[in-house]
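Engineer: okay, sequence plus prediction incoming.
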Amino acid sequence: MKLRRLLAAAVAGSFVVAAPANAESVLRIAMTASDIPTATGMPNNGFEGMRFLGYPIFEGLVQWDLKSTAKLAGIIPALAERWEQDQTDKTIWTFHLRRGVSFHDGTPFNADAVIWNLDRYFKNDSPQFEPQGAGISRARAPLVGSYKKIDDATVQITTTQVASYFPDMVVYLLFTSPQSFEKAGRDWAKVAALPAAGTGPFKITRVAPRESVDLAKFDGYWDPNRMAKVDKVRLMPIPEANARVAALRSGQVDWIEVPAPDAIPSLKQAGFAITTGSYPHVWPYIFNIGAKDSPLKDVRVRQALNYCVDRAGIVELLNGTAEPASGWLNDKDPNFGSPKNRYGFDAAKGKALLAEAGYSEKKPLSLKVMISSSGSGQMLPMPMNEYLQENLKQACNVELSFNVVEWQVLLNSSRALPDAQSLQGSMALNVSSPSSDPSVMARYFAGDRFPPGGFNFPNWKDDAFDAALKALAETDDTKVIDAQTALAHERLVDNPPWLFIVHDLNPRGMSKKIHGFVSPQSWFVDLTLVSVQ
């Protein structure tokens, strides 16, 4: 399979992106999204939306520590200075808010603003209820049960079950100024174009759908040690990889997400920086086990597919910007465990398992997979899926067909019921996933997180997995948490709900003008560290 054929030029012609004509420093970034993420304070477009239209502008009670490349990004205080779990009733969490913080519009951040935003996400009959933001927030923080204001600087959240990892869910709940909603006539569609006000180190100054979003340094930011070093940021959706490369080469942007792999050597030769690094990511096929007559109900079929994939070939296709995935976690992760199955390319074993399950040359396994042409964490989905289509056919006589949809449609499908008409018969979804912590593991795999309320799209339930998840949720002993995480992960590998394919190495292309960038072990980045000279 020819790399150039798979990575054919995505666009013809050219485009021009004009930088603001002044002496201020401007950082111009090309995203993989096909449109700008929603700018209400709870962006769509997956974690790329959170990376660029979430955390830089809108903040939560806690935030990611994104200053280090040496370890997985952890949770640190943000709009809450500190928090504690009640030792008598461990479903109760108390958050002590940072005083003296203001939104970009000058209104105060306080307990009332926290409760207003939680009602926006979790109270269907509240005037400020935002259906899209609620869907995203409830899926990422499904354990929020009730909440109340204790005083102006203290809020209490009660979870639906004990979960030591609850702060890892709270990090995804971002806060927008209530005044933004009022100013827009209580219409969330209009809030996005105001623009909306957060408390972050950048504020939105201009929103042009499908064109760009402009951010500006917020001089009133509450943390003097984290002031932005650039004056402005322009974010542009450029979904085609080769178009992003062309924009970088021509000087129309300074930074591109996911350069085309075959362009990386020449970009390096031309003096552009290519950054890579491991982070908690997996690029899978998420099996539809729950559909009526799904062939994936048979664990032998799911294991077989994991043995039939030539992961090394995909890594080569991507010019070394990925690592083979033999589980949800990277096999270098100390919590990977010791599963019985260690998936590598073993076509003979894959075919034997398929034969045991009743498949043969005369009766091949056929699967339709819903995929996107671009998107957050999706890497280069079209050439990668084409490679898999040929690989699985040649190695194990598995016939793949594709249903290509927009990224947001694919994300929405991950909360569809197994036989939903919107899936059009798809037996798997190609949706990239974070693998950062037990809260995310619970989100995707817990036996009580089936759609539409949760992200367990496969409708997969494993009693041993659920027992390990419960044990780690009920303790704050890190050794117990690590041991139970390893046991849970062993079940994910041996009774796989997904086809584990590769882990992304997060490639970005940058001009020589960019300084201070840190590539953390995270899906997110800290734009305040970056300068343009």
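Structural biologist: Happy to help now that I have it. Numbers count the residues shown, from 1 in each chain.
Engineer: and the residue lying closest to Asn288 once chain neighbours are set aside, how many neighbours?
Structural biologist: Spatial nearest neighbour of Asn288, chain neighbours left out: Met427 (4.8 Å); criterion: Cβ to Cβ, 6 or more residues apart in numbering. The C-beta positions use only the backbone N, C-alpha and C, and glycine is treated the same way. Neighbour count of Met427, defined by other Cβ atoms under 10 Å: 22.
Engineer: quick one: residues contacting Met427.
Structural biologist: Residues in contact with Met427 (Cβ atoms under 8 Å, 6 or more residues apart in numbering) are 287-288, 291, 294-296, 367-369.
Engineer: cool, Phe52 as well?
Structural biologist: 29, 31, 37, 43, 213, 235.
Engineer: what do you get for Pro381?
Structural biologist: Pro381 is in contact with 371-375, 430, counting by Cβ under 8 Å, 6+ apart.
Engineer: quick one: which of the contacts of Phe52 is most hemmed in?
Structural biologist: Met31 (30 neighbours).
Engineer: please tell me how far that one sits from Asp125.
Structural biologist: 35 Å (Cβ to Cβ, to the nearest Å).
Engineer: same check on Ser212?
Structural biologist: Separation of Ser212 from Asp125 (Cβ to Cβ): 36 Å.
Engineer: quick check: domain ranges of this structure?
Structural biologist: 24-258+508-532, 281-504 (automatic domain parsing).
Engineer: and those: which comes nearest Leu267?
Structural biologist: domain 24-258+508-532 (5.5 Å; Cβ to Cβ).
Engineer: may I have the distance across the closest one, first residue to last?
Structural biologist: Start-to-end span of domain 24-258+508-532 (Cα to Cα, to the nearest Å) is 10 Å.
Engineer: before we move on, what about stretch 136-144?
Structural biologist: Start to finish, the residues bounding stretch 136-144 are 13 Å apart (Cα to Cα).
Engineer: ok, stretch 181-196 next?
Structural biologist: Using Cα to Cα, first and last residues of stretch 181-196 are 8 Å apart.
Engineer: so what touches it?
Structural biologist: The contact list for stretch 181-196 (Cβ under 8 Å, 6+ apart) reads 38-41, 57-58, 105, 127-128, 130, 132-133, 176-177, 180, 203-207.
Engineer: now do the strands in the stretch 401-533 of the chain.
Structural biologist: 428-429, 433-434, 498-504, 508-510, 514-515, 531-532 (DSSP state E, counting those that start in this stretch).
Engineer: which stretch among those strands comes nearest Gln269?
Structural biologist: Of all the strands of the stretch 401-533 of the chain, it is strand 508-510 that lies closest to Gln269, at 12.5 Å by Cβ to Cβ.
Engineer: what does that closest one rub up against?
Structural biologist: For strand 508-510, the surrounding residues in contact (Cβ under 8 Å, 6+ apart) are 244-245, 248, 254-259, 264, 267, 272-276, 517, 519.
Engineer: so which of the residues you listed are in strands?
Structural biologist: Those of the contacts of strand 508-510 mapping onto strands are 255-257, 273-275, per DSSP state E.
Engineer: and the furthest pair within the residues you listed?
Structural biologist: Longest span within the ones in strands among the contacts of strand 508-510, Cβ to Cβ: Glu257 and Ala273, 13.7 Å.
Engineer: if you rank every helix and strand of this structure by mean pLDDT, what lands last?
Structural biologist: Across the helices and strands of the chain, mean pLDDT, DSSP states H and E gives its lowest value to helix 3-6, namely a mean of 40.
Engineer: between the strands of the stretch 401-533 of the chain, which gets nearest to Val315?
Structural biologist: strand 498-504 (6.5 Å).
Engineer: now Glu279: closest residue in space, sequence neighbours ignored.
Structural biologist: Residue 279: Tyr, not Glu. Closest residue to Tyr279 apart from its sequence neighbours, by Cβ to Cβ, 6+ apart: Gln521 at 4.8 Å.
Engineer: distance check, the one you found against Val253.
Structural biologist: Taking Cβ to Cβ, one finds Gln521 at 25 Å from Val253.
Engineer: for the two, indicate the residue with more neighbours.
Structural biologist: Val253 (25 against 19).
Engineer: now stretch 322-331: mean pLDDT?
Structural biologist: On average, the pLDDT along stretch 322-331 is 97.
Engineer: let me fix that, I meant to ask about stretch 353-364.
Structural biologist: The model assigns stretch 353-364 a mean pLDDT of 97.
Engineer: next one: that stretch to chain centre, how far?
Structural biologist: 35 Å (Cα atoms, centre = their mean, to the nearest Å).
Engineer: for the remainder of this discussion, apply numbering that starts at 35.
Structural biologist: Okay, using 35 as the starting number, the last item reads as stretch 387-398.
Engineer: could you list the residues in contact with it?
Structural biologist: 329, 332, 334-335, 337-338, 341, 399, 430-433.
Engineer: from the residues you listed, keep the buried residues only.
Structural biologist: 329, 332, 334-335, 337-338, 341, 399, 430-432 (16 or more other Cβ atoms under 10 Å).
Engineer: now, which of those residues lie within helices?
Structural biologist: 334-335, 337-338, 341, 430 (DSSP state H).
Engineer: and stretch 380-390, which residues are buried?
Structural biologist: Using 16+ other Cβ under 10 Å as the test for burial, stretch 380-390 gives 380-381, 383-385, 387-388.
Engineer: cool, and stretch 483-494?
Structural biologist: Buried residues in stretch 483-494 (16+ other Cβ under 10 Å): 483-485, 488-494.
Engineer: now tabulate those in CSV and tack on pLDDT.
Structural biologist: Listed next are those as CSV, based on pLDDT from 0 to 100:
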residue, pLDDT
Arg483, 93
Phe484, 95
Pro485, 92
Gly488, 86
Phe489, 92
Asn490, 96
Phe491, 98
Pro492, 98
Asn493, 98
Trp494, 99
